[in-house]
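S.K.: Quick one, what's the 3D model for this:
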Amino acid sequence: MRHIAFTALVFVVLGCGSTATEHISTAVVCVAHSGLPDQYCTPGAVFSNATTAQICAPGYAQSVRNVPQSVKNRVYAEYGIKQHKPGEYEIDHLISLELGGSNDIKNLWPEPYVGPHNAHIKDDLENVLHAQVCNGKMQLQEAQAEIAKNWEAI
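M.R.: This is a model prediction of the structure:
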């Protein structure tokens, strides 16, 4: 509700032009909660044409990985991180590339390397889910939905 009210206020202050939309996305400060991204800012996004056969092919994730530094900087800014130490965060895909996740900013957030719910733990989970999908034990869309909803609970 707070995001909606703030967005409405920004819209009124900036006006109705197309530039208001650009400013809204950078005016909202996203907040990670216990290792999970802000669902308003990072709901997850997938490559709609990604298939199980494609994601299970060796080298798939590397072939689609494309997050420019300018986008990473924008993600940090949206989450209110003005500066950080090297190795403190990674800009992570909520739905991993190995599960058909996209490079869209809606799928990215600054994930910490330390703490109880860190990037290393999520990386291990991504590998398990990828293996389950590729072994036919789980549907791709199910794995995508589960990791986007609450990866810590899996």
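S.K.: separation between Glu146 and Tyr113?
M.R.: Distance of Glu146 to Tyr113, computed by Cβ to Cβ, to the nearest Å: 23 Å. Placement of C-beta: from N, CA and C, glycine included.
S.K.: Which one's more surrounded, those two?
M.R.: More crowded of Glu146 and Tyr113, by other Cβ atoms under 10 Å: Glu146, with 17 against 12.
S.K.: sec struct for the more buried one, please.
M.R.: Under DSSP: H, G, I helix; E, B strand; the rest coil, Glu146 falls in the helix class.
S.K.: how close does it sit to Val71?
M.R.: Relative to Val71, and taking Cβ to Cβ, Glu146 is found at 25 Å.
S.K.: which stretches of the protein form strands?
M.R.: Counting by DSSP state E, the chain has strands at residues 89-93, 108-112.
S.K.: Out of those, flag the one nearest Thr51.
M.R.: Between Thr51 and the strands of the chain, the shortest separation by Cβ to Cβ is 17.8 Å, and it involves strand 89-93.
S.K.: which helices and strands sit right next to the closest one?
M.R.: Other elements packing on strand 89-93 under the criterion 3 or more Cβ pairs under 8 Å, 6 or more residues apart in numbering; DSSP states H and E are helix 69-78, strand 108-112, helix 119-134.
S.K.: strands paired with that strand, and their directions?
M.R.: Counting by DSSP bridges, the strands paired with strand 89-93 are strand 108-112 (antiparallel).
S.K.: what does the partner strand rub up against?
M.R.: 30, 32, 35, 37-38, 41-42, 67, 71-72, 75-76, 79, 81, 84, 88-94, 118-119, 122 (Cβ atoms under 8 Å, 6 or more residues apart in numbering).
S.K.: hmm, 6 Å instead?
M.R.: 37, 42, 75-76, 79, 81, 89-92, 118-119 (Cβ atoms under 6 Å, 6 or more residues apart in numbering).
S.K.: How about stretch 142-154?
M.R.: Under the criterion Cβ under 6 Å, 6+ apart, residues 44, 46, 94-95, 99, 117, 122, 125, 129, 133 lie in contact with stretch 142-154.
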